[in-house]
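Student: how would this look folded up:
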Amino acid sequence: MDDLEFRKSATINPDNQDPEFLKKKYQTQNNTRFANEQQTFNQELIDTLTIAAPDNLSHRIILNQQLSEHKLQRRKKHQKQWRNWFLGSVAASLIIAFSIQLLIPVTINSAQLAQQVITHIHDDTHALDVHMDVPKSSIDTMLASYGGKLNGPIGKVSYLGHCIVGGHTGIHMVLNTTQGLVTVILLPGQSIKQPSLIADSQFKGVLYPSQKGSIAIVAEHANAIEDTRQKINQNLNWII
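Tutor: Modelled structure (predicted):
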């Protein structure tokens, strides 16, 4: 279970007792806090919706039940039809929008995108605390959903997940190298015309154009960046 799946599961069912969910919940402090916040919100919502009926309500319901039952059934039927239509329309719109985003990369300012990348890394620092051994099959599956393919090894991947940078989805990876942790963010939906350096008080890196969209490589130590960049460039191909 990656972080995106965990957050979805915690939002939908914060009381989930599935062993895989619980393992992910207590993997990091951020995950535990997020799941607990969802549990608190869920309980507050239940408490808010649990409203005791007034004592004189029962006889009014009995008197009006037969008269209102037919209207109620018709209303439920119309609501169900509208809800099914609405959900279907939303799902179709999301699929179309996501497909267009992947097929037609948006060209934006490289410095602006570089800033969005560094902001995302700071917001998602839990990715640096995950120490998994992500199998190549998982990487291949995620890359394939964006039209990408690895022709060779890029190193040990300790974290893999989807991310949103600048309003577009991408792939967030962390590589555990001999020179330290290196964050690689693939943004197939966002093209830039020229490279841009990434730097702040903690991280250094580079954002550069790729065959499809752009790629950001960021680390705390600059000497770890170039080796990873060469492996990515040599082994990552976009087949769509």
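Student: quick one: the helices in this structure, in order.
Tutor: 3-12, 19-25, 29-49, 57-103, 110-123, 136-144, 223-235 (DSSP state H).
Student: and the first one, what's its mean pLDDT?
Tutor: In this model, helix 3-12 has a mean pLDDT of 77.
Student: and the contacts of it?
Tutor: 1, 16, 18, 21, 24-25, 31, 34-35, 38, 126-127, 130, 159, 161-162 (Cβ atoms under 8 Å, 6 or more residues apart in numbering). Every residue, glycine included, has its C-beta placed from N, CA and C.
Student: buried sites along that helix?
Tutor: 3, 6-7, 9-10 (16 or more other Cβ atoms under 10 Å).
Student: can you give me the domain assignment for this structure?
Tutor: Domain segmentation of the chain under automatic domain parsing yields 3-49, 106-238.
Student: where does the prediction get shaky in this structure?
Tutor: Within the chain, the ranges that satisfy pLDDT under 70 run 41-74, 76-108, 240.
Student: dump the residue contacts of I154.
Tutor: Neighbouring residues of I154 by Cβ under 8 Å, 6+ apart: 175, 184, 228, 231-232, 235-236.
Student: list buried residues within those residues.
Tutor: The neighbour count (16+ other Cβ under 10 Å) marks 175, 184, 228, 231-232, 236 as buried among those.
Student: just the residues you listed now: which is nearest G167?
Tutor: Minimum distance to G167 across the buried ones among the contacts of I154 is 20.0 Å, recorded for V184 (Cβ to Cβ).
Student: I232 is in contact with the closest one, correct?
Tutor: Yes - here V184 reaches I232: they are 6.4 Å apart, a contact under Cβ atoms under 8 Å.
Student: now for those two: what residues contact both?
Tutor: 154, 215, 217.
Student: reformat those as a markdown table; add distance to Y208.
Tutor: Below are the shared contacts of V184 and I232 laid out as a markdown table (distance: Cβ to Cβ, whole Å):
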| residue | distance to Y208 |
| --- | --- |
| I154 | 16 |
| I215 | 6 |
| I217 | 8 |
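Student: out of the buried residues of helix 3-12, who's nearest P195?
Tutor: D3 (28.3 Å).
Student: which residues touch S196?
Tutor: S196 touches 110-111, 113-114, 206-208, counting by Cβ under 8 Å, 6+ apart.
Student: ok, V206 next?
Tutor: Contacts of V206 (Cβ under 8 Å, 6+ apart): 195-198, 216-217, 225, 229.
Student: ok, it to E220 distance?
Tutor: As judged by Cβ to Cβ, to the nearest Å, V206 and E220 stand 14 Å apart.
Student: M142 touches L160, doesn't it?
Tutor: Yes - with contacts counted by Cβ under 8 Å, M142 reaches L160, the gap being 6.4 Å.
Student: neighbour count winner among the two?
Tutor: More crowded of M142 and L160, by other Cβ atoms under 10 Å: L160, with 22 against 19.
Student: all good on my end, thank you.
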